[in-house]
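> need a 3D model of the sequence below.
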Amino acid sequence: MIEAPGEVARAYVGLGANLGDPLAQMRAAVAALGKLPTTIVAGVSSVYRSAPVGYLDQPDFFNAVVALDTALSPQALLDALLAIEHEGGRTREFRNAPRLIDLDLLLHGERIVDEPRLTVPHPRMVDRAFVLLPLAELDPACVVPGAGPLAALTRAVSAQAIGRIGALAAG
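Down below sits the predicted model:
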């Protein structure tokens, strides 16, 4: 279903990968995000490396956050993210499984969405340094609806082991 473009909102998408060539897969995902209708990539954070969460018997993850200016609704953006994951070879064997690419809609403007297939803000983002630190690079003054200022949220996860490895440069 194609929907009419709405008001432009700043959305943030979390990227993650730990199989294959994670950095190449993340670059491909950013390129695909830039091709979405009524959407512009407004910024890309540094890449961070962190230990897996939940299922621990897997390689470390590489993570970043992308800022988008988009007229797509949260639901339409979710559908686009799922399509990019599918095109990138994402499979879902079990929760927290290793993956070629993972795209999570973290925030969509100041919207709060609580539907069976979509929750925005992302329900676990406030517990994860690998989301909050790259988000803070892009928008240090961000306030997560229902959770508070990003600065306080990042302090709460400061004990989590995470390493900044650099820019998600092309090529």
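
> Arg117: neighbouring residues, count only.
Per other Cβ atoms under 10 Å, the neighbour tally for Arg117 reads 9. Where you see a C-beta, it was placed from the backbone N, CA and C, and this is true even at glycine.

> do the same with the one 3 residues further on
By the measure other Cβ under 10 Å, the count of residues near Val120 is 24.

> ok, now Gly89?
Neighbour tally, Gly89, other Cβ under 10 Å: 12.

> phi, psi of it?
phi 90, psi 10 (degrees, to the nearest 10).

> may I ask you to confirm that it is in contact with Leu100?
Yes. Using Cβ atoms under 8 Å, Gly89 is in contact with Leu100, at 4.5 Å.

> identify the contacts common to the two.
Gly20 (Cβ atoms under 8 Å, 6 or more residues apart in numbering).

> how far away is the closest residue to Val144 other than its chain neighbours from Leu81?
Leaving aside its chain neighbours, Val144 sits nearest to Pro121 (5.3 Å; criterion: Cβ to Cβ, 6 or more residues apart in numbering). When distance is defined by Cβ to Cβ, to the nearest Å, Pro121 is 15 Å away from Leu81.

> pick out whichever of these two has more residues nearby.
Between Pro121 and Leu81, counted using other Cβ under 10 Å, the more crowded position is Leu81 (23 against 20).

> quick check: that one is in a helix.
Yes. Leu81: assigned to a helix according to DSSP: H, G, I helix; E, B strand; the rest coil.

> which residues touch it?
Leu81 is in contact with Val13, Leu103, Asp104, Leu105, counting by Cβ under 8 Å, 6+ apart.

> now do Arg90
Applying Cβ under 8 Å, 6+ apart, the residues contacting Arg90 are Arg99, Leu100, Ile101, Asp102.

> same thing with Tyr48?
Phe62, Asn63, Ala64, Ala129, Phe130, Leu133, Pro134, Ile162, Gly163, Arg164, Ile165.

> switch the residues you listed over to CSV; also include pLDDT, neighbour count and secondary structure.
Formatted as CSV, these follow (pLDDT from 0 to 100; neighbours: other Cβ atoms under 10 Å; DSSP: H, G, I helix; E, B strand; the rest coil):
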residue, pLDDT, neighbour count, secondary structure
Phe62, 97, 21, strand
Asn63, 97, 28, strand
Ala64, 98, 29, strand
Ala129, 96, 20, helix
Phe130, 96, 25, helix
Leu133, 97, 22, helix
Pro134, 97, 25, helix
Ile162, 94, 20, strand
Gly163, 93, 10, strand
Arg164, 95, 13, strand
Ile165, 94, 14, strand
